[in-house]
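A.B. asks: structure of the sequence below:
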Amino acid sequence: MTATDTNPLHGVTLEQILNALVQHYEWTGLAERIDIRCFKSDPSIKSSLTFLRKTPWAREKVEHLYVKLMRTKRPH
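C.D. replies: You can find the predicted model right below:
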């Protein structure tokens with residue numbers, strides 16, 4: 001087993017992550033979980049991607065939430 005086998009973010013783009021989170025939580029739920037203005041004020045995928053690509057701490061929070069979501073959705 002390699003590191004890429006165990007990394008849940010391997011091969012997943014930031015856009016795919018954001019789309020999955022918005023689909024699951026919607027913008028309001030996402031804004032409740034991660035306090036970022038681009039999720040609260042006129043949210044869009046494009047503006048959020050721009051912000052997240054420039055802001056490592058915010059991207060890290062989004063990626064962490066995505067990993068947590070994927071673990072709960074994984075069939076047992």
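
A.B. asks: distance from the chain centre to the helix or strand where Thr72 lies, please.
C.D. replies: For Thr72, the host element (DSSP states H and E) is helix 56-73. The chain centre lies 5 Å from the centre of helix 56-73; the measure is C-alpha atoms, centre = their mean, to the nearest Å.

A.B. asks: would you mark the buried spots in it?
C.D. replies: Under the neighbour-count criterion of 16 or more other C-beta atoms under 10 Å, helix 56-73 has Ala58, Arg59, Lys61, Val62, Glu63, Leu65, Tyr66, Leu69 buried. Just so you know, the C-beta spots here come from the backbone N, C-alpha and C atoms, and that holds for glycine as well.

A.B. asks: could you work out the most separated pair of those residues?
C.D. replies: Ala58 and Leu69 (16.7 Å; C-beta to C-beta).

A.B. asks: for the residue nearest to the spatial centre of the chain, what are its contacts?
C.D. replies: Per C-alpha atoms, centre = their mean, the C-alpha nearest to the average position across the chain is that of Val62, at 3.7 Å. Going by C-beta atoms under 8 Å, 6 or more residues apart in numbering, Val62 touches Leu14, Ile17, Leu18, Leu21, Ile34, Leu52.

A.B. asks: what's the answer for Phe39, then?
C.D. replies: The neighbours of Phe39, taking C-beta under 8 Å, 6+ apart as the test, are Trp27, Leu30, Ala31, Ser48.

A.B. asks: one more time with 6 Å, if that's ok
C.D. replies: Applying C-beta atoms under 6 Å, 6 or more residues apart in numbering to Phe39 gives the contacts Trp27, Leu30, Ala31.

A.B. asks: what's around Glu26, how many residues?
C.D. replies: Neighbour count for Glu26, taken as other C-beta atoms under 10 Å: 12.

A.B. asks: name the element it belongs to?
C.D. replies: Here Glu26 is assigned to helix 14-33, by DSSP H and E.

A.B. asks: what sits up against that helix?
C.D. replies: Here helix 14-33 has contacts from Phe39, Lys40, Pro43, Ile45, Ser48, Leu49, Leu65, Tyr66, using C-beta under 6 Å, 6+ apart.

A.B. asks: next, the buried residues of that helix.
C.D. replies: Buried-residue list, helix 14-33, by 16+ other C-beta under 10 Å: Leu14, Ile17, Leu18, Ala20, Leu21, Val22, Tyr25, Trp27, Leu30, Ala31, Arg33.
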